[in-house]
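**Q** Structural data only, the sequence is not supplied:
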């Protein structure tokens with residue numbers, strides 16, 4: 001009986017340790033750990049793959065917003081995604097006189113609420129293969145599955161694939177994408 005009780009206690013202790021470890025594990029993005037206890041801006045600033053996005057967020061004056069309580073779902077394009085835009089586009093958008101346009105593009109990548117891949121999949125299933133999301137910018141994004149990958153379609157017909165999903169933050173979730181999505 002004592003042996004069984006000890007075995008039970010060991011099992012409970014193991015489960016507690018494993019649960020605690022699972023809550024503390026992080027996803028690595030751009031060579032840096034993304035800590036669930038940090039906010040979107042704090043984590044993105046550490047990713048070497050998101051330096052263009054962070055510079056754009058600063059230029060648009062969105063740092064305080066994305067450090068706020070949220071929750072937000074951010075579809076975060078990589079530097080490589082920004083590099084696919086026509087030459088000079090990023091430099092032009094970062095100019096102070098283009099702040100409104102830059103803000104519109106960036107907020108088009110943000111949806112209010114915390115939508116992890118499980119919630120997105122549920123919405124896709126409920127929408128018979130496509131879920132329509134309203135962005136903070138006010139536009140629409142459509143989310144669908146392509147095999148096991150989550151794919152976004154923007155208002156101009158452009159597509160982006162989620163390459164890293166469910167990067168949890170204290171104020172939301174980030175899904176890394178391979179293209180910049182664009183509003184109308």
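**A** The structure has been received and is ready for your questions. Remember, it's a predicted structure, so these values are computed and weren't measured experimentally. Residues are numbered from 1 along each chain as shown.
**Q** Direction included, what does the longest strand along the chain pair up with?
**A** Taking DSSP state E as the criterion, the chain has its longest strand at strand 159-169. Here strand 159-169 is paired, per DSSP bridges, with strand 149-153 (antiparallel), strand 172-177 (antiparallel).
**Q** pretty sure residue 47 is touching residue 32, no?
**A** Yes - contact criterion Cβ atoms under 8 Å: residue 47 and residue 32 qualify, at 5.3 Å. C-beta here means a position set from N, CA and C on the backbone, and glycine is covered the same way.
**Q** Looking at those two, which has the bigger crowd around it?
**A** Between residue 47 and residue 32, counted using other Cβ atoms under 10 Å, the more crowded position is residue 47 (24 against 17).
**Q** Please give me every residue in contact with the more buried one.
**A** Residues counted as contacts of residue 47 (Cβ atoms under 8 Å, 6 or more residues apart in numbering) are 29, 30, 31, 32, 34.
**Q** Just give me the closest of these to residue 144.
**A** Taking Cβ to Cβ as the measure, residue 144 lies nearest residue 29 of the contacts of residue 47, at 23.2 Å.
**Q** can you pull the contacts of that closest one?
**A** 43, 47, 49, 50, 164, 167, 174, 176.
**Q** Which one of the strands paired with strand 159-169 lies nearest to residue 92?
**A** Nearest of the strands paired with strand 159-169 (Cβ to Cβ): strand 172-177, 21.4 Å.
**Q** what residues does the closest one touch?
**A** Residues beyond strand 172-177 that count as contacts (Cβ under 8 Å, 6+ apart) turn out to be 29, 34, 40, 43-44, 49, 70-78, 81, 109, 114-117, 150, 152, 160-167.
**Q** I'd like the average pLDDT over the longest strand of the chain.
**A** Mean pLDDT, strand 159-169: 93.
**Q** what's in contact with that strand?
**A** 27, 29, 34, 36, 38-40, 43, 70, 75, 77-78, 81, 116-117, 146, 149-154, 173-181.
**Q** from those, which would you call buried?
**A** For those, a burial check counting by 16 or more other Cβ atoms under 10 Å picks out 27, 29, 34, 36, 38-40, 43, 70, 75, 77-78, 81, 116, 150-154, 173-181.
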